[in-house]
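Student: Return a 3D structure for these sequence lines:
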Amino acid sequence: MNEPPLTKNPHVYSPFSPGRSGPWLPAILLLICWFCVIRILWTDWKIDPQYGYGILVPVMVVGLLLGRKEDAPRPSACVGTDRFAGFLLLLCSGAALSFLVPMCTANPDWRPLGWLAALSGIGLTLGVLLLAGGRPWLRHFAFPVFFFLIAVPWPRNAESGVMSFLMGWNTSVTLEILHWLGYEATGRGNLIQLPCGILGIEEACSGIRSLQSGLMVALFAGEFFRLGMIRRIALLLLALLAALTGNILRNAFLAVIASRHGLSAVTSWHDTAGYFILALTVGAVVLTAALWARTSPRVPVSAKPAPFDPLDRSPCDRPAEVPPFRPKSLAWIPLWVALLMLTASLLGTEAWFRAHERGGGGGLTWDLHSRNGAPGVSPVAVAPQTLTMLLHPEGFSEKWVLPTGEIGQVFYFRWPPGRSSVQAMTMHNPEVCLGSIGMKLNARLGRFDCDGIPFESLLFSQAGKTVHVFHSRIREGSLPGEPVENFLDTPGERFGNLLAGRRNRGERMIEVALWNLPDEDAARRALAAYLGEAMVHTPRDLKPSDR
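Tutor: Predicted coordinates for the structure are as follows:
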């Protein structure tokens, strides 16, 4: 009588067991799944230096998974509710990710979609683990899978709130340190007024980068050294404390350098100080984790299984009488469905947008040019750090002073097609940017059109003076009859981008600030006068492939 072949764990009922169809189907499914997720997040990782570390996270996840493989428990039978839960995770996560692929193509800047895509990829992976090894594998490999979330960019509102808080807090603490050291300094928003000039606490100096990096290293080190739960939490708190303290010391150091040697000396020390603080934060976390690992026993999630002896054929080691899981079995259908959904989504997305891009559609028929050289007009240099945060747009900034006493300044930026510019414009809105230099928003006065351009009117105050600010965000390649205004970015509008087959469109931003004007009507007339001088009309020269 022929006996069925023995496996490492003969009691497992799994579609991924050797001797059947092997693990090739779930492996291909996971590869395509994470290709879709990383493709969605890649733009943020590539162009936003704050999340540049995200490129390394997938490699770290693979390393953690391989480390967990060393002491992985034997897989258990996946039956009943567990199998149903695994199938449900596969189908729901696969369907969600299949929808998110075209949505993210139409809206590459909408960060909530990145979170949904990452969670969908995690859900699909957990479904595969549950089917492959049951609950023991699900518990054992869950942390490395969830570790991927550390690389997902934060939603803009949350990021801006944390960044604004950190910049204000850093400014206040740095001022106190300067006063303790005997240096003269006063605060104005996120600016520090020194006798030699003004030192700004910008986004890069807020400490959010070192905070994110520290949290990532703390989570990785706690898992790598297999620390207990209490020590992992303590390691996270240490990373938080080290990042905040280090950044305060960095800002105080730069302020002292500026006070002693002038603002020009700050540039040569700015990046060096930042890298030093980052290395200090990472080093403190890793060193602490290593010391704790030496003073306490390694805490594996599960004991490493004893090796199986194929010659020991005692009755308890004989295979269970369970029907084989064949490729034609109904249990394989969810895996095939998820794989086909993702493949069809990738191919269909490209076909959908290419079909709509053949239809053409022109660009805007105007542009603004610099008036540098005109009486009273002078260029204003934009800091390289600001251009980096704005994703390197084209454009200019200039200031003018008229004999009537009117003072004005304009920022005009233009992003070519293919840039995730909406996220940059959302983050660098007038309330955030002007608030960082001590200006206070008093009122929003509504929206209006000036020379066909939609503007939002805002009233600020600065040192007791009124400042009228006009802000506009405009989309390139608008179709006939379609509004160009892009203020709200509602879910309905985002979904409309998908239905209309729009992707990779360029955007423009105009921001005009005017001082010493008596009222809103006078400010609007001054805005119209500026546009009349600076605006030039151009033909619709954008090709369909540039939209």
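Student: what's near enough to touch residue 119?
Tutor: residue 149 (Cβ atoms under 8 Å, 6 or more residues apart in numbering). Where C-beta positions appear, they are placed from N, C-alpha and C, glycine not excepted.
Student: Confirm it sits in a helix?
Tutor: Yes. Secondary structure of residue 119 (DSSP: H, G, I helix; E, B strand; the rest coil): part of a helix.
Student: how about low-confidence regions in the stretch 151-300 of the chain?
Tutor: The stretch 151-300 of the chain contains residues with pLDDT under 70 at 189, 200-207, 296-300.
Student: tell me which helix or strand of the chain sits lowest on mean pLDDT?
Tutor: Using mean pLDDT, DSSP states H and E, the weakest-scoring helix or strand in the chain turns out to be helix 421-427, at a mean of 58.
Student: Outline the domain layout of the protein.
Tutor: Using automatic domain parsing, the domains assigned to the chain come out as 24-153, 156-295, 366-546.
Student: Please report phi then psi for residue 353.
Tutor: phi -70, psi -40 (degrees, to the nearest 10).
Student: Verify the stated contact: it with residue 105.
Tutor: Yes. The pair residue 353 / residue 105 is scored as a contact, 6.3 Å apart, by Cβ atoms under 8 Å.
Student: Ignoring the adjacent residues along the chain, who's closest to the residue nearest in space to the middle of the chain?
Tutor: Compute the mean C-alpha point of the chain, and by Cα atoms, centre = their mean the closest residue is residue 153, 2.3 Å away. Of all residues beyond its chain neighbours, the one nearest residue 153 is residue 44 (4.6 Å), with distances taken as Cβ to Cβ, 6 or more residues apart in numbering.
Student: State the distance from that neighbour to residue 118.
Tutor: Going from residue 44 to residue 118 by Cβ to Cβ, to the nearest Å gives 12 Å.
Student: Please apply the same query to residue 146.
Tutor: 10 Å.
Student: Tell me which of these two has more neighbours.
Tutor: Neighbour count, other Cβ atoms under 10 Å: between residue 146 and residue 118, residue 118 has more, with 23 against 16.
Student: and for residue 353 and residue 105, which residues touch both?
Tutor: Common neighbours of residue 353 and residue 105 (Cβ under 8 Å, 6+ apart) are residue 503.
Student: Between those two, tell me which one has more neighbours.
Tutor: A direct count of neighbours by other Cβ under 10 Å for residue 353 and residue 105 places residue 105 higher, at 22 against 19.
Student: unless I'm mixing things up, that one is touching residue 503, no?
Tutor: Yes. Between residue 105 and residue 503 there is a contact under Cβ under 8 Å: 5.3 Å.
Student: what about stretch 62-77, average pLDDT?
Tutor: Averaging pLDDT along stretch 62-77 yields 88.
Student: what ranges do the strands span in the protein?
Tutor: Along the chain, the segments classed as strands by DSSP state E run 186-188, 191-194, 197-200, 366-368, 377-379, 394-401, 407-415, 440-450, 453-462, 465-475, 507-515, 535-537.
Student: Format those strands as JSON lines; extra columns: distance to residue 89.
Tutor: JSON lines is the format used below for those (distance: least, Cβ to Cβ, whole Å):
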{"stretch": "strand 186-188", "distance to residue 89": "52"}
{"stretch": "strand 191-194", "distance to residue 89": "50"}
{"stretch": "strand 197-200", "distance to residue 89": "48"}
{"stretch": "strand 366-368", "distance to residue 89": "51"}
{"stretch": "strand 377-379", "distance to residue 89": "57"}
{"stretch": "strand 394-401", "distance to residue 89": "45"}
{"stretch": "strand 407-415", "distance to residue 89": "38"}
{"stretch": "strand 440-450", "distance to residue 89": "45"}
{"stretch": "strand 453-462", "distance to residue 89": "44"}
{"stretch": "strand 465-475", "distance to residue 89": "38"}
{"stretch": "strand 507-515", "distance to residue 89": "38"}
{"stretch": "strand 535-537", "distance to residue 89": "55"}
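Student: which one of the ones you listed lies closest to residue 62?
Tutor: For residue 62, the closest of these is strand 407-415, at 34.4 Å, according to Cβ to Cβ.
Student: Not counting that closest one itself, show me its contacts.
Tutor: Here strand 407-415 has contacts from 367-368, 380, 382, 390-391, 393-402, 421, 424, 506-516, 526, 530, 534, using Cβ under 8 Å, 6+ apart.
Student: Can you give the strand pairings for it, parallel or anti for each?
Tutor: strand 394-401 (antiparallel), strand 507-515 (antiparallel) (DSSP bridges).
Student: can you pull the buried residues of the shortest one?
Tutor: When you say that, I think you mean strand 394-401. By 16 or more other Cβ atoms under 10 Å, the buried positions in strand 394-401 come out as 395-398, 400.
Student: where's that strand relative to the chain centroid, distance-wise?
Tutor: Here the centre of strand 394-401 is set off from its chain's centre by 30 Å, with Cα atoms, centre = their mean, to the nearest Å.
Student: One more: stretch 243-263?
Tutor: 28 Å.
Student: What residues of it count as buried?
Tutor: Neighbour-count burial for stretch 243-263 [16+ other Cβ under 10 Å]: 243-255, 257-259, 263.
Student: Then stretch 234-245?
Tutor: Under the neighbour-count criterion of 16+ other Cβ under 10 Å, stretch 234-245 has 234-236, 238-239, 242-245 buried.
Student: how about the helices in the stretch 251-400 of the chain?
Tutor: Per DSSP state H, counting those that start in this stretch, the stretch 251-400 of the chain carries helices over the ranges 264-295, 333-357, 384-389.
Student: Would you mind telling me which of those helices is nearest residue 93?
Tutor: helix 333-357 (7.5 Å).
Student: Which elements pack onto the closest one?
Tutor: helix 24-47, helix 80-106 (3 or more Cβ pairs under 8 Å, 6 or more residues apart in numbering; DSSP states H and E).
Student: Tabulate those in JSON lines, adding columns for mean pLDDT and distance to residue 169.
Tutor: Listed next are the helices and strands packed on helix 333-357 as JSON lines, based on pLDDT from 0 to 100; distance: least, Cβ to Cβ, whole Å:
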{"stretch": "helix 24-47", "mean pLDDT": "91", "distance to residue 169": "25"}
{"stretch": "helix 80-106", "mean pLDDT": "92", "distance to residue 169": "34"}
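Student: Dump these to JSON lines, plus distance to residue 413.
Tutor: Output for the helices and strands packed on helix 333-357, formatted as JSON lines (distance: least, Cβ to Cβ, whole Å):
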{"stretch": "helix 24-47", "distance to residue 413": "15"}
{"stretch": "helix 80-106", "distance to residue 413": "22"}
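Student: wait, which of these is closest to residue 230?
Tutor: helix 80-106 (30.3 Å).
Student: Which strands or helices does that closest one pack on?
Tutor: helix 24-47, helix 111-146, helix 333-357, helix 491-499.
Student: ok, back up a step: who touches both of residue 105 and residue 503?
Tutor: Common neighbours of residue 105 and residue 503 (Cβ under 8 Å, 6+ apart) are residue 353.
Student: residues making contact with stretch 230-243?
Tutor: In contact with stretch 230-243 (Cβ under 8 Å, 6+ apart) are residues 207, 210-211, 213-215, 217-219, 221-223, 227, 280-281, 284-285, 288-289, 292, 296.
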